[in-house]
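Enquirer: here is my input; please provide its structure:
(chains A, B, C and D)
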There are 2 protein chains.
Amino acid sequence: MDSRGVRREPTMRDVAALAKVSTKTVSRVINDLPGAGPEVVERVREAARTLGYRPNLTASSLRRSDRRSATLGVLFEDLSNPFDAALLRAVEDRARQHGVLVLAGSSEDDPDLQRELLMSLATRRVDGMVVMAAGGHQDALQQERERGTPMVLVDRPPTFGGTDSVTTTNRESSREAVLHLAGLGHRRIAFLGDRQTLWTSHERYTGYLEGLAHTGLTLHGELVRTDLHGPDAAELATATLLDLDEPPTALFTAQNLVTVGAMRALRDRDLHRRVALIGFDDFPLADMLEPGVTVLRQDVPALGRKAAELIFARIDGDRSAPTHAVVPATLIRRGSGEIPPPSGQDGSRPNALAQRPR
Amino acid sequence: MDSRGVRREPTMRDVAALAKVSTKTVSRVINDLPGAGPEVVERVREAARTLGYRPNLTASSLRRSDRRSATLGVLFEDLSNPFDAALLRAVEDRARQHGVLVLAGSSEDDPDLQRELLMSLATRRVDGMVVMAAGGHQDALQQERERGTPMVLVDRPPTFGGTDSVTTTNRESSREAVLHLAGLGHRRIAFLGDRQTLWTSHERYTGYLEGLAHTGLTLHGELVRTDLHGPDAAELATATLLDLDEPPTALFTAQNLVTVGAMRALRDRDLHRRVALIGFDDFPLADMLEPGVTVLRQDVPALGRKAAELIFARIDGDRSAPTHAVVPATLIRRGSGEIPPPSGQDGSRPNALAQRPR
DNA sequence: TTCTCCTACGTCAACGTTGACGTAACCGGC
DNA sequence: GCCGGTTACGTCAACGTTGACGTAGGAGAA
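Expert: I've put the predicted structure just below:
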């Protein structure tokens, strides 16, 4: 306690005084640097222990030449979203191996909030940033990058150059889903997607179009519903699709919450065993539903690991050309994506291998 | 760029030189303090803008008298767990309102790892910590607390004194679940829980016992299965329960993943419409299963809000007696918990109000 | 012996910022 | 014209730490 009764953290000076050495020697002992004799080392260690000394990384990183704060900034859309949470965890694990802690924030897909959080990270002098870019302009990100801050974009690539990114096979896997459905004989395959300002949504839509084109199917505009934000919008959109004169016989839902909404609509009309469904991104219990939900599963831990790997390479001075890593997603057949169209010669449910999520 | 080609962040000195004022005046302008004339303010702002100056919070917090780092430490069990993620998000939102960023880590319920992370947070001089205590001894937490670090425990209370906590009505709600089942006529209600070293698991078990006692039911030891870590262990345990000569007619699963495991076992035996089930903690799609899963839903955002509220009060100097806030959980009836016992006069499924999760 | 080299320390200043305090200029009042 | 007060700055040192550099003493070689 000091004179005002406020407990003060002991400093190197306190340790030095108790051990009867200079602060520099304490610094050497604390950082395991050579230039301190064995008995002095022991004396300093003992003093630090009795005082409960803990180094002040803030002061240290201010003074050090490398200026490292041993802190990584992570800016995702919404940390309570399971995808973001799993990604954060994967990055955190790798960061821990580097002795680095993670400063995390949710940008809520709002460029202004993202800019604000970016500034918060910058004033704290993080060593690097892993960012899920908010939709719209990426000016703030680009400016930060141009200042030289190491940065890796995840889930969505940069709209500017010179920056690493890690994404999933959004387009390729979406195309695969459509080919899978077409292979079962489906001709009217609907697309339901999130906001088109999101790069991933757009990519998945492009994959859908490619899938149709590859199989010679024609695009029916009325079977495409985009900008569905959240399950309720998706449920409504699915309902109107099912009420068409010629309703779709299969649905490709390009986002997690959209899949949930579509499932609700199918269930309401008791069509969940008759209309095929493939969703992008896996979710817990997808195998417990009836039928199990066929999905494209992203390898979230791999995404996070790769992002962490890239950012730490940059932090460690890697100056090579930017990398755009792509992590493959996998089609998990659980039943809902294996429902054939009603006009098919075989109306029974195929004997699909049910796979559990995760 | 400096002489070595490394871009250096501009400092107050650079801004001061360009604006032809002292660094102190720059400080005043940046912090909106009085004592700077309007034209000087404009000149400094302009200089800061052209140089792209951003204050160094590290240096600032080192020098300031309040020593605030505007950073909050958050130590949860596993940030990829939806419960933890939702909690983090709630804390983060409140922190943002205070201009505070969140330094997050997963302790994996390992006291040693927790101690290590605690040290990491301490060396970074966070303003306070929100901690989900790892099982086992809480020595490290207690020591940190005794040093004066503001701390709030969430989900699990401290085993030592003088520290705020926020928990759910684990015991009361578990009792309520048992009473609900007993009210339907169930006499053989099984308990399946996570590791008993976890305070929450133990509390929920106690609530189960209280529920039995309140209704005059006898405890059947063979119907209690604890220390089930993960869905697989829970599935196995449930299976052996169902194979008993006198199997339970109702299950109370005291943790999320245990609920999932139990559901799998029930489904394997096609008993999910015949054996009642109530789970602790809600999960997505619980209403989409057949039958919908009756759960005790924790109010996670409220938990997080309360924890943040408490920690910021302490950081702001609140010296009042420690608070132990308890946030009520709610029984959500979706069907699985309303299945009557087979011997009941009415074997049909009650017309339960299905409620959606979240 | 003297010179060189090494080891084990110490001294000093600086990282970027702000609290404490100094001071010149100007204001109004008498 | 002088005084007290206010405003708008500036100067200096310090926060806790470490890089650069200095030095005393001992070992070893010539």
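
Enquirer: how much space is there between A:T123 and A:E92?
Expert: Note on A:T123: its distance to A:E92, by CB to CB, to the nearest Å, is 22 Å. (Each C-beta comes from the backbone N, C-alpha and C, glycine too.)

Enquirer: equivalent analysis for A:E235, please.
Expert: Applying CB to CB, the value for A:E235 to A:E92 is 34 Å.

Enquirer: got it, and A:H98?
Expert: From A:H98 to A:E92 the distance is 11 Å (CB to CB).

Enquirer: more neighbours: those two, which one.
Expert: Neighbour totals were compared for A:H98 and A:E92, and A:E92 leads with 23 against 15 (other CB atoms under 10 Å in any protein chain shown).

Enquirer: anything in the strand or helix carrying A:R267 near chain B?
Expert: Per DSSP states H and E: A:R267 is located in helix A:256-268. Yes: interface with chain B: helix A:256-268 contributes A:260, A:263-264, A:267 (CB under 8 Å from any CB of the partner chain).

Enquirer: show residues contacting that helix.
Expert: A:83, A:192-194, A:228, A:230-239, A:242, A:251, A:253, A:272, A:275, A:277, A:279-281, A:283, A:289, A:293, A:295, B:284-285, B:288 (CB atoms under 8 Å, 6 or more residues apart in numbering or on different chains).

Enquirer: selection in ChimeraX covering whichever of those are buried, please.
Expert: Burial among those is assessed by 16 or more other CB atoms under 10 Å in any protein chain shown; the matching ChimeraX selection reads:
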select /A:83,192,193,194,228,231,233,234,235,237,238,239,242,251,253,272,275,277,279,280,281,283,289,293,295 /B:284,285,288
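
Enquirer: which stretches of the stretch 101-250 of chain A form strands?
Expert: Secondary structure of the stretch 101-250 of chain A (DSSP state E, counting those that start in this stretch): strands at A:101-106, A:128-131, A:151-154, A:164-168, A:189-192, A:224-225, A:250-253.

Enquirer: who does the fifth one pair up with?
Expert: Just to be clear, that refers to strand A:189-192. strand A:224-225 (parallel), strand A:250-253 (parallel) (DSSP bridges).

Enquirer: average pLDDT for it?
Expert: When pLDDT is averaged over strand A:189-192, the result is 98.

Enquirer: could you do the second one as well?
Expert: This predicted structure assigns strand A:128-131 an average pLDDT of 98.

Enquirer: what's the distance between that strand and the middle of its chain?
Expert: With CA atoms, centre = their mean, to the nearest Å as the basis, strand A:128-131 stands 11 Å off its chain's centre.

Enquirer: next: the third one.
Expert: For strand A:151-154, the distance from its own C-alpha centre to the chain's C-alpha centre is 10 Å (CA atoms, centre = their mean).

Enquirer: any idea of the mean pLDDT in it?
Expert: For strand A:151-154, mean pLDDT is 98.

Enquirer: so which elements touch it?
Expert: When contacts are defined as 3 or more CB pairs under 8 Å, 6 or more residues apart in numbering or on different chains; DSSP states H and E, strand A:151-154 sits against strand A:128-131, helix A:139-146, strand A:164-168, helix A:300-315.

Enquirer: parallel or antiparallel, list what pairs with the third one.
Expert: Spelled out, it's strand A:164-168. strand A:151-154 (parallel), strand A:324-327 (parallel).

Enquirer: was I right about A:T200 contacting A:R171?
Expert: No: using CB atoms under 8 Å, A:T200 makes no contact with A:R171, being 9.7 Å away.

Enquirer: most packed of the strands of the stretch 101-250 of chain A?
Expert: With neighbours taken as mean count of other CB atoms under 10 Å in any protein chain shown, those reach their highest mean count in strand A:250-253, at a mean of 30.

Enquirer: where does the stretch 251-358 of chain A get nearest to chain B, which residue?
Expert: Of all residues in the stretch 251-358 of chain A, the one sitting closest to chain B is A:L285 (5.4 Å; CB to the nearest CB).

Enquirer: can you count the residues close to whichever residue of the stretch 101-250 of chain A sits closest to DNA strand C?
Expert: Per CB to the nearest atom of the strand, A:T123 is where the stretch 101-250 of chain A lies closest to DNA strand C, at 8.3 Å. By other CB under 10 Å, 16 other residues sit near A:T123.

Enquirer: just A:D127 next, same as before
Expert: Using other CB under 10 Å, A:D127 has 23 neighbouring residues.

Enquirer: report the contact partners of it.
Expert: A:68-72, A:100, A:150, A:315.

Enquirer: can you pull the buried residues of stretch A:54-64?
Expert: So for stretch A:54-64, counting by 16+ other CB under 10 Å, buried means A:54-62.

Enquirer: ok so, going back, by neighbour count, which of the residues of helix A:256-268 next to chain B wins?
Expert: Result: A:M263 is most packed of the residues of helix A:256-268 next to chain B (other CB under 10 Å), 25 neighbours.

Enquirer: what about that residue, distance to A:T238?
Expert: Applying CB to CB, the value for A:M263 to A:T238 is 9 Å.

Enquirer: contacts only, for A:M119.
Expert: For A:M119, the contacting residues are B:R54, by CB under 8 Å, 6+ apart.

Enquirer: hmm, I was thinking of A:A133
Expert: By CB under 8 Å, 6+ apart, the contact set of A:A133 is A:114, A:141, A:153, A:156, A:158-159, A:199.

Enquirer: which ones among these map onto helices?
Expert: Judged by DSSP state H, the contacts of A:A133 include A:114, A:141, A:199 as members of helices.

Enquirer: ramachandran angles for the closest residue to the first one other than its chain neighbours?
Expert: With CB to CB, 6 or more residues apart in numbering or on different chains as the measure, A:S107 is the residue that lies nearest to A:Q114, at 3.9 Å, once sequence neighbours are left out. When quoted as degrees, to the nearest 10, the phi and psi of A:S107 stand at phi -90, psi -10.
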